[in-house]
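[1] Structure for the following, please:
(one chain, ligands or ions: 1)
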Amino acid sequence: MLNLREFEAAARAVLDPAHADYFAGGAGDELTLRANEEAFARLRLLPRVLRGGGKQDLAVTLLGSRAALPILISPTAFHKLAHPEGELATARAAAAAGAIMIASMAATTSVGDIAAAARTGAPDGAPLWFQLYIQPDLEFTEILVRRAEEAGCEALVVTVDSPARGAHERDRRNGFTDLPDGLCCENLRDPRTGRVLPIVMSPEITWWHVDWLRRTTSLPLVLKGVLHPEDAGIALRHGVDGLLLSNHGGRQLDGVPATVELLPEIVAAVEGRIPVILDGGVRRGTDVAKALALGAAAVGVGRPVLWGLAVDGERGVGQVLELLREELDHTLTLLGVGGLPGLTPGHVRPAPAAG
Ligand code: FNR
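    You can find the predicted model right below:
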């Protein structure tokens, strides 16, 4: 496989078509899903020349977590649909690459087991973050937080773009409504009853709940899914430590802008006080460079990791991360940039309007 796009076709060849559609699909007409990649394509890179350079250092520290590259694994549900080893394979590959993995609350493996797998991938420690949908049952939400803390997660990523489930027509057409027998969302096991609870996406969650979470844990809090610059400002006032600028890979409200289109406004809104991570449509090292040049502290990738996992388990995820790392390194060299801090908005230009 020469690039991330080639993994999707290879994954489709091995996946149940309904599961491949679940991974690939977006909401509604999939306008936002397509927009994420198209917006990267509309940005041009402008290199500088004769500036020397050398080996690129791609390491970053994000909210205290040290990573070998500015590329995170965005939280995605149900890794065992892609490969029998599921999140364990993803975690080992992420740890070996030194990438931060954000484990989904809807993982098919418990966060404790994911953390243990990450440690086998990198004995010196591998940064793991945990993604959470705040549940109206706050007692259960607190149980989830404590599980993530006990597993050694270094940050909580709170997804706030889901007051309701996205409308995925591919899943409706395929009749894909639930996990096959034998798989479940292990993090949702309720110790009070032993039952696995459904994930509740509730419109009743408000900033009050963010304040509650702020009081409940000392872990850094990252809000995932803030799109409006005014909400970025409000997040700052609520003591949030970082933002993950995301439209859920086009799976929630269809028709919202591509994330990279919003990036300059969100970066301006937080005034450098907290890091902004971006996900959505990142498929090439050039996309990573564009996002970092426009002020992102790092990027996340969702679907390509699932394709890599489907194709070859841990090795497949490792290859996806390695391709992105190599492409980013090569892009920085060709841009005449001696390291990540050298990337500036001046390295990016919009493409001239068509017509
Ligand atoms: C997701 N995403 C997601 N986000 C989240 O906060 N919790 C979750 O459980 C999931 N689950 C999930 C499943 C699948 C199959 C996909 C494709 C996505 C969204 C994810 O974190 C991320 O925002 C997008 O995937 C990023 O876009 P790309 O890289 O897939 O284009």
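
[2] With just CA atoms, put the helix or strand where residue 213 lies into CSV.
    Assigned by DSSP states H and E, residue 213 falls within helix 207-216. Extracted C-alpha coordinates of helix 207-216, given in CSV (Å, rounded to 0.1, in the frame of the first residue of the first chain):
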residue,chain,number,x,y,z
TRP,A,207,-22.1,23.8,30.0
TRP,A,208,-23.2,23.0,33.5
HIS,A,209,-22.1,19.4,32.9
VAL,A,210,-18.7,20.6,31.7
ASP,A,211,-18.3,22.4,34.9
TRP,A,212,-19.4,19.3,36.8
LEU,A,213,-16.8,17.3,35.0
ARG,A,214,-14.2,19.9,35.6
ARG,A,215,-14.9,19.5,39.4
THR,A,216,-15.0,15.7,39.1
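
[3] next SSE after it?
    Next along from helix 207-216, by DSSP H and E: strand 221-224.

[4] near the ligand, which residues of the stretch 51-200 of the chain?
    74, 75, 76, 77, 104, 106, 131, 159 (C-beta under 6 Å from any ligand atom). To be clear about C-beta, it is placed using only N, CA and C from the backbone, and glycine gets the same treatment.

[5] and the residues you listed, which two are the farthest apart?
    74 and 106 (12.6 Å; C-beta to C-beta).

[6] ok, back up a step: in strands, which of the residues of the stretch 51-200 of the chain next to the ligand appear?
    Among those, the members found in strands (DSSP state E) are 131, 159.

[7] Could you single out the nearest of the residues of the stretch 51-200 of the chain next to the ligand to residue 197?
    Closest to residue 197, out of all of these and judged by C-beta to C-beta, is residue 106, at 11.5 Å.

[8] Settle it for me: which of residue 74 and residue 106 has more neighbours?
    residue 74 (26 against 19; other C-beta atoms under 10 Å).

[9] residue contacts, residue 294?
    Applying C-beta atoms under 8 Å, 6 or more residues apart in numbering, we find residue 294 in contact with 260, 263, 264, 267, 345, 348.

[10] Top of those residues by number of neighbours, please.
    The residue in these with the most neighbours, by other C-beta under 10 Å, is residue 260 (27 neighbours).

[11] Now that one: closest residue in space, sequence neighbours ignored.
    Once flanking residues are discounted, residue 260 sits nearest to residue 39: 4.8 Å by C-beta to C-beta, 6 or more residues apart in numbering.

[12] name the helices or strands packed onto the helix or strand hosting that neighbour?
    Following DSSP H and E, the helix or strand that holds residue 39 is helix 31-42. Secondary-structure packing of helix 31-42 (3 or more C-beta pairs under 8 Å, 6 or more residues apart in numbering; DSSP states H and E): helix 259-270, helix 285-293.
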